[in-house]
Every structure is written in structure tokens, then in C-alpha cells.
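**Student:** no letters, just coordinates:
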């Protein structure tokens, strides 16, 4: 039933700092694994192991130094992310792959409600009816994540870290996607909200999404993981077999 | 909105331009698809303005081609068209937002006339309708429609830029060129303008090429980015990728030089 | 009814020759040398072939300064022949300084017959008016033009206006009209009102009142325009369409007066406002002096015949 959604083959990442005398920082070496729909893969490892880097490589926010990353559609067609055009990557991000980062990049002047509703508009269009629908959905999500209604009309720039994080999650998850990349999504949340987010992720996975996540909180990781990957396997210093 | 997904809206191949001995643009090539926003980033002397002017048919390159997708005819070399065809394109399907709003507006006629001019040039002859359309667009760029009869010289810098945008978008162009649209404006005014550009670009599905030296503008508005140095394109890719994981030494220098408040 | 005597010539004279002016033997016929005339005629031919298009020509030094009709004079001098009958008017009148001097100039250099009657003329040189009486196929009317470029105020660069004309890009003209409506509630241009000639070129008809614009449309006469300072000639051939610009909801309209002409009672002609006293009293009289006199004679004739009828009945 579960079909592969993502396939990494021999992926490596090394940063070259040209302005520090060409200093090279190897981070990842020979990463190989697959993720299928309905799975939640949790990445384990101490900080600096390249967990975040790996997520960013998958999201095409970083560029690989070696190897291939394939996204596989339900139809079986695949897209090679390392050579895909900007257009294809943007489309992928819009419709298939979601990224929940730790930091909310705030765009001035956009209200929380519109920020959360935005991903839906790309598909529905920008007419009156679609905007209304999208906003209604956004309300549902914001309520669930316990963002007080009085804040919905404001831009999130002045919100607390936890509030911003929850807005971020709402925005990233409001539109169902086949692959979710979760980078410490519960980092600044209290236990109650953390549980809500866990439930939301469970729901997404039950609906058929695949997820790869980094969780600083072991307990949360345990709740969600269907599989765990130890990042020490991909360290560049040792050439460890998978 | 109808989007042609089969063909790029603009295809640039091997553009070169020299001014005497100095090579201002060297072998520039890229494609732009409908709805894409591309930022051309570089410092002064990088050739970004030369590139923009070649793309917008304001300056003929020495070699290479710029092809624009015309309905029913497909990709057409803009320098093989007649002057008349190019000018018509510039008035209907293209927009050009200048750095200095005085270059892109008629300063001695009213805001309404500025916005309505393209419509009148295309043969619209109903004063009431032209005026109504102008009012509508002024509201869209957040200028009080009551100021429709005011002259641009009585507008602030930010308002003039927004008026320029309205003037260009009234014919629903498919491709908009922008040359440093926010430079010289106060920060809060910039924010307003950028937000407006972002929204309009998305809502109207515009393809856009924005020349800027400000990486924050690129990050906010553009899907893709081109980095230029000394006439050459040194790196190209998704905006966030270039800003977060720059590969080329010059890109790395550029990104690391930006002050973070 | 107030009777105003027009000074100088009486209008019954149609032919005058050597009486007032001796022909000056120092000049070529019509002052210009033959090569210049040929050059101007070529320009005229080109202008007639492209109605409304401004043809540059080598404007000559004339014995009148710029601003006094040198363009019109050069065109007239190039088309005038010994058997022509010339009428010269300025703001509709035959006897202003301008008209008198130009007429005297042509008498001295050509010895042609001159007239004040529109009907009798073969050539009519005019400053800022078209005669009220309809013209015929045998006539040529020559306009004196100060600024030939209709878009000059909006776009002073000639390089640009040439492109605009060439590409038929006339949005700018409508911008000017739009501005007028926005500012004044109506199109404020009352003279030199821009027209579209032969559906192609926008033309400045010279500072004739907009009242006269409809006369240019499908006129049987040949209409020539000369601008001496700006060095341009243009033309509207006979039976050519001439449309005044406007908007669908603010169309072109001509002026109207509440009162008729004080002298001849006409309600169909362009009227000048004349202040009669220090208390602000004013009357309206025809601008076209020939037309007014003709109408006046008609009135007197019918008054005489009415009187005769009445006396018969007695």
C-alpha cells in the first residue's frame, strides 16, 4: 500500500567557504535511504551532524555536492531534484513538499490569517469566493493551534516565539502535501500545543503523507517515529556503511 | 488566469554588448516562464542594467537574441520585429517600472491621465470608463482615488512609484521589467511598495524581471535569482538557494556583506 | 439696429488692377524665384498625396517677419497665377493690418485681381478663420499656421512626435482632451482643435475657432497649410474626411451664441464680441465681413421689396 515518495542515493554535502581561503566543511557523505507514504522518519544525532542540512537538501534550499534525490509521484513518475529546473522545484514546493522550519520569516503587512491562508490560494485562485474559503480554513487551523482570535488580523512580527512557531505550522500544513519536512516543529511550544502538533502530524501521515523530522524532544520523536535514522552513519569523517 | 505552461514567456540566448573596448554584457542566457519572478542582482558595473535594457528592447545588443512569446505566433525575436510592433508590445504586453518615477510618468498631467494613457493609446474613447478604470487601479495601488486629478509632482516618492505601477499594469501586461523599484524610498515606504508588488504579481500571474542590488528585495519578491559580475552571469538558481547556500565565490561575498540589523 | 460702416473698400468691386499699387518691376512674379516655387510645389504635391502629413520645406526669408503669415504667403506665391483672383482675410476681415499688407504685397508682385467677395475669389489666404460661405472645387484656401505640430505642448521633442505620427500613436492627444474634461468639465480647446485627417494623421488646423472645423470635412476646395517659421506645409485634398477628436461621452461640439448678429441678424455664423461702452455694453457681430455685408444686402433687398408690396396694397 505504501509507495516510496523520496529516494536519496549517494548524497553528499560539503560547504566551500571561498572567502576563508577555500575552507571546506564536509557535512554529509553517502546518504542512502527511502521514505514511503505513511512513514514518519525521525533523524537522530547530535547537533552539527547535518540533520537540518539534510532536510534543506531535500527541499532544494541547499545544493548537493554529490548524489541524487528523487521525488516519486503516486503515478510512479519521478523528478530528480538535483537537476530539476527552478520552475519544477517551485511547483514541487507549492503542491507536494512542505517544510516546517524553526523560524518564521515574517513578511511585513500581511495578517496572520492571510499568511496561513496563502498556500491554498495558489491553487484556488484569487477570486472573492476562493479567498473567503481559504480564510475559513485558516481560521480552523489557527483555532486548533490556539492562536487567540484577536491576533488573527495582525502581522506576526510582534508575536512570541511560540506563537510564531504555531503560525508557521499552520501555514505549512494547511495544504495537504505528500511529503513533510519537519525541522524542530515543537521547539518553542508548551506541552499542550506540542501535543496538538503531534496530533496534526499523525493526521497528515494517516492521510497518506510521508514525513521526515528532527525533534529535540525524545518523547515527541518516540510518539511520531515509524522509523529512526542515525545520522552518524552519514558523517563524512568516517566512511561507515549504512 | 490562462497560463501557457508549454512555452517560456521569454528566452534569452547569448546576449553580448560592448561599449567600445568595455564589455558590459557577456554571453547572457536564460529562460523565464509565465508567472515567474526573476531577480537580477549585482553591484554597480555588473551589467545588470545593460541586460535589462536589452531585454526590454531599449538597447540593441551586439549579438544574441531575446525572444518573447506572442499569442498565436510563439517565441519571436524582438529585434527582428518592426519598431511599430515593439512599441505596441511595450504599451500592452510589457511594463517597465523605472528607478526614477519621473522617467516613467508624465509629470505634467494628472494621475488619472497617467493611468488612462495606455487605454487611450489603444483606442478607448469613453471618458467615463477610462476614468473608472483609473480609479480602480489607483485604489489597487493604495492611492486615494480622490487624488485622481492631482499632478504627480504633488505626490510623495512612494506614491509616484505606485502610480508608475498602476500606469503599467492597467493593460494587464504579461511581463513587467523593474529597475531598482524601491531605491531611494524610505524603509517603511519600501515595505508597502514591495508588498504591493508581491501581491499584484501573484494575483495577476505576472512574469517579472527585477533588477536590484538589495538582496532582501530579491528574497521577498523573486522565485529565482541571477547574480552578475563584470558583465557575466556567475550564478543562477532559486532565490533562497542562492542566498542560503551560495556556491560561487562572488555570490558568497555578496551574501555575507549584507548587514543584518 | 445699429449700422456700422465698414471703412476702406466697398464690396461691390470685384476687379481692381493697377489703381492702388504699381507693380514693382524689381521682383519675380510673386516675389519668389522659380526654383523656390518649384520646391514649394513639390512639397505641396507631397502634402496633398499624404493628407494631414507635415512636409518639411525650405522656408525662405520673406519681407514680413515670422508670425506674420510668411508660410501662407509662400504657399500662395507658389500657386498664384496671373489670372487668379485673390482674397486675403485675417480673423474673417478683409481690412485688418495683416490682410491689407499681404494683399498689397501680392498686388505689387503679381498684379492679380483682388476681391473681398468669397464667391469671386479663386485663391483665399486666411489667418485664423474659414469663410462662412461654402467654397467650390475651383477654389484654393490657404491657411497661415503658427504651430503645425498638434502635440507640441505635450511632447516638445520633434524626434518623438515624428515617431508618434509615423506609428499612429495618438494616445497623447486624447490625454490632453481627458485632462481638459477632468479640469474644466468639458474639452477646453476652442481653437486649433485637433482633427484626424483621412483617418490617418492628426493635424493642427491652425488657430481657427472650433466652430469652423466642420467646414473642413469633405470640402470641395483644396485646403493648403503653410508654417513659415516652423518650415512645414500640409494639405487636405478636396472631399477628404476631417474629424474633430473627442470622446464617446464627450463628443466634439461647436460654439453657439444666444444672440444673432447685430448687423445682419445671422444665427449661423461665427460672431465676434464687440464692447461698445464703458458700462460693459456689448454686441455680437459676424467675424466674416464679406458674409455679413452679403446678408445685410439681402435684408435690405427684402426690406425694399416688402415696402414695395405694402405700397402696392395701399
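**Tutor:** Yes, it's here. This structure is a prediction, so every number in the text was calculated from the model and none was measured.

**Student:** so what's the residue of chain C found nearest chain B up against?
**Tutor:** Chain B sits closest to residue C:171 of chain C, with a gap of 2.7 Å, by CB to the nearest CB. C-beta here means a position set from N, CA and C on the backbone, and glycine is covered the same way. Residues in contact with residue C:171 (CB atoms under 8 Å, 6 or more residues apart in numbering or on different chains) are B:117, B:118, B:120, B:121, B:122.

**Student:** close to chain B: what parts of chain A are there?
**Tutor:** Within chain A, the positions near chain B by CB under 8 Å from any CB of the partner chain are A:15-19, A:56, A:60-63, A:86-87, A:89-90, A:107-110, A:121-122, A:126.

**Student:** quick one: mark the members of those residues that sit in helices.
**Tutor:** If you go by DSSP state H, these have A:56, A:86, A:87, A:89, A:90, A:121, A:122 in helices.

**Student:** among those, which two are most distant?
**Tutor:** Among those, the pair separated by the greatest distance (CB to CB) is A:56 and A:121, at 25.5 Å.

**Student:** so which of these two has more stuff around it?
**Tutor:** residue A:56 (22 against 19; other CB atoms under 10 Å in any protein chain shown).

**Student:** in this structure the more buried one contacts residue A:62, no?
**Tutor:** Yes: between residue A:56 and residue A:62 there is a contact at 4.3 Å, judged by CB atoms under 8 Å.

**Student:** who touches both of those two?
**Tutor:** Both residue A:56 and residue A:62 are contacted by B:244, B:245, under the criterion CB under 8 Å, 6+ apart.

**Student:** close to chain A: what parts of the stretch 51-200 of chain B are there?
**Tutor:** Within the stretch 51-200 of chain B, the positions near chain A by CB under 8 Å from any CB are B:191, B:192, B:195, B:198.

**Student:** which parts of the helix or strand containing the last one are buried?
**Tutor:** Residue B:198 is part of helix B:187-204, with elements assigned from DSSP states H and E. Residues of helix B:187-204 classed as buried: B:189-198, B:200-201, B:204 (neighbour count, 16 or more other CB atoms under 10 Å in any protein chain shown).

**Student:** what segments of the chain are strands?
**Tutor:** Using chain A. Shown for chain A, the strands assigned by DSSP state E span residues A:4-17, A:23-36, A:40-44, A:66-72, A:78-80, A:97-100, A:179-183, A:210-214, A:227-230.

**Student:** not quite, I wanted chain B
**Tutor:** B:10-19, B:22-32, B:37-42, B:63-70, B:74-77, B:94-97, B:175-179, B:207-212, B:224-229, B:232-238.

**Student:** make a markdown table from the ones you listed and add mean neighbour count to it.
**Tutor:** Formatted as a markdown table, the strands of chain B follow (neighbours: other CB atoms under 10 Å in any protein chain shown):
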| stretch | mean neighbour count |
| --- | --- |
| strand B:10-19 | 18 |
| strand B:22-32 | 19 |
| strand B:37-42 | 26 |
| strand B:63-70 | 19 |
| strand B:74-77 | 14 |
| strand B:94-97 | 23 |
| strand B:175-179 | 24 |
| strand B:207-212 | 24 |
| strand B:224-229 | 25 |
| strand B:232-238 | 20 |
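
**Student:** tell me which of those sits nearest to chain C.
**Tutor:** Checking these against chain C by CB to the nearest CB gives strand B:94-97 as the closest, at 15.2 Å.
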